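Asks: Quick one: sequence plus predicted model below, questions after.
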Amino acid sequence: MTDGGPKQNSEAWITGIGIVSSLGEGLDAHWDALQAGTVNVDAATFAPYVVHPIAPLNFDKQIPKKGDQRQMEAWQRIGTYAAGLALDSAGIKGNAEILGRTDMIVAAGGGERDLAVDSGILNAKVQGNAAPNFLNERLMSDLRPTLFLAQLSNLLAGNISIVHGVTGSSRTFMGEEAAGVDAVRIALARIASGQSDIALVGGAHNGERKDLLMLYEFGDFNLKDKFAPVWSRGPSGGFALGSGGAFLVIESRKHAEARGAKPYAKLSRVNADRARRKDKGAIAATLASLWKDTGAGTENVAIITGATGAEPATAEEKSFLDTHKTVPVRATGTRFGHTVEAQFPLGIALAALSLSKASLFPPAESSSLEIAMTAAPTQIVVVGTGHWRGEGMALVEAV
């Protein structure tokens, strides 16, 4: 198990939050949608697969240059937009002195393929119109010079740097849900050890992709035909991919106080592990161990989980959650869909927002897990269980 807890007596504050999703953009829109129980799904466009489409965005507001927008695919535009919202929220947008030493840690997938190019090459091959040098010619003429087949994962960080001027150190993690866990874990560890004063951390995902839906269908992971809340999907399970981005500005308390920044919440602990999933009960046991290491209390505690709905991971996670029956649980997958790399940062963002509001948003469904919470939460544990591998847990506390 990897440990992201502070090694010194220093606090890491969450001072900026940027969210875009199927529910809208920004904190107010998301809080209102959560209070109203809004769920936006599309079961027709990619039928039989269910997706949570990104809400309409005016990208000009965060990516003013059309040229910058044109050279990004959707996942990069979503992420760059969310990052800009986080910088605005933290009050450091356009502050060259701070941005010049702001670390950036991004969780990203493998980038988007150019389906038009792929289709053209495959059709020519099937029709017998592919000369020996055909593939090389098409790749050289049809794709952007900086890319090959799919966009590179670190292009999101690069575009955030170009558009928003974030020019400190940069790291990109790959590895589906676990990448999101490690991005936040490393940010906390660096700040706690004094290696970093401030960091921009998060991820983005475009779930409205035929190629991605096809890949996940090979593993029978997609939710099909009809939407259902995460805890109601039954043994066949499946996730509804969601489009969205979530970024956080995390900084040391000393740094935040020096510039007069107010925190949404305190990030106290982030731990990660990887269960041997061939062993029945391994996920539940790993989550129980992670819970113990978070140091969460027993009163005024809530859980926000990125449970996917995919089986058997979700059933095992539920067996762990059932051991904490008095703790209210909220599954982001029901409201936002599964945003893969961005799911854990999204959970952290919603936890910090809830703590700043001194209120946990209402349940998304009637279940033994999603119970009402009338008291103001003082601690929220964020759980991330990968659909295929990897587990993580964070403790977010009120300030």
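Replies: Here it is on my side, so go on. Numbering: from 1, shown residues only.
Asks: where does Leu135 fall, phi/psi-wise?
Replies: Main-chain torsions, Leu135, degrees, to the nearest 10: phi -60, psi -50.
Asks: who touches it in this structure?
Replies: Ile121 (Cβ atoms under 8 Å, 6 or more residues apart in numbering). For every residue, glycine as well, the C-beta is placed using N, CA and C.
Asks: pLDDT score assigned to it?
Replies: Per-residue pLDDT puts Leu135 at 75.
Asks: From Asn129, how far off is it?
Replies: 12 Å (Cβ to Cβ, to the nearest Å).
Asks: swap in Phe221?
Replies: For Phe221 relative to Asn129 (Cβ to Cβ), the value is 35 Å.
Asks: The two - which one has more neighbours?
Replies: Phe221 (20 against 9; other Cβ atoms under 10 Å).
Asks: Can you check the pLDDT for that one?
Replies: Predicted confidence (pLDDT) for Phe221: 97.
Asks: hang on, it packs against Gly238?
Replies: Yes: counting by Cβ atoms under 8 Å, Phe221 touches Gly238, with 6.1 Å between them.
Asks: Could you tell me which residues touch both of these two?
Replies: Ala310.
Asks: What segments of the stretch 1-150 of the chain are strands?
Replies: Residue ranges of the strands in the stretch 1-150 of the chain, as given by DSSP state E, counting those that start in this stretch, are 2-3, 12-21, 24-25, 51-52, 103-107.
Asks: Tell me the helices and strands packed up against the fourth one.
Replies: Using 3 or more Cβ pairs under 8 Å, 6 or more residues apart in numbering; DSSP states H and E as the contact criterion, the neighbours of strand 51-52 among helices and strands are strand 241-242.
Asks: by contact count, what packs against the strand it packs on?
Replies: strand 51-52, helix 210-218.
Asks: could you point out which element follows it?
Replies: Counting by DSSP states H and E, the next helix or strand C-terminal to strand 241-242 is strand 244-252.
Asks: Looking at that following strand now, give me its mean pLDDT.
Replies: Here the average pLDDT along strand 244-252 is 98.
Asks: could you give the angle of it to strand 103-107?
Replies: Orientation check (axes from the mean of the first three to the mean of the last three Cα atoms, to 10 degrees): strand 244-252 against strand 103-107 gives 150 degrees.
Asks: what's the offset of strand 244-252 from the middle of its chain?
Replies: 10 Å (Cα atoms, centre = their mean, to the nearest Å).
Asks: Beyond that strand, next helix or strand please.
Replies: Defined by DSSP H and E, the subsequent element after strand 244-252 is helix 253-258.
Asks: The helix or strand following that next one - contacts with which helices or strands?
Replies: As assigned by DSSP H and E, the chain's next helix or strand after helix 253-258 is strand 265-273. Counting contacts by 3+ Cβ pairs under 8 Å, 6+ apart, strand 265-273 is packed against strand 2-3, strand 12-21, helix 177-193, helix 282-294, helix 343-357, strand 391-397.
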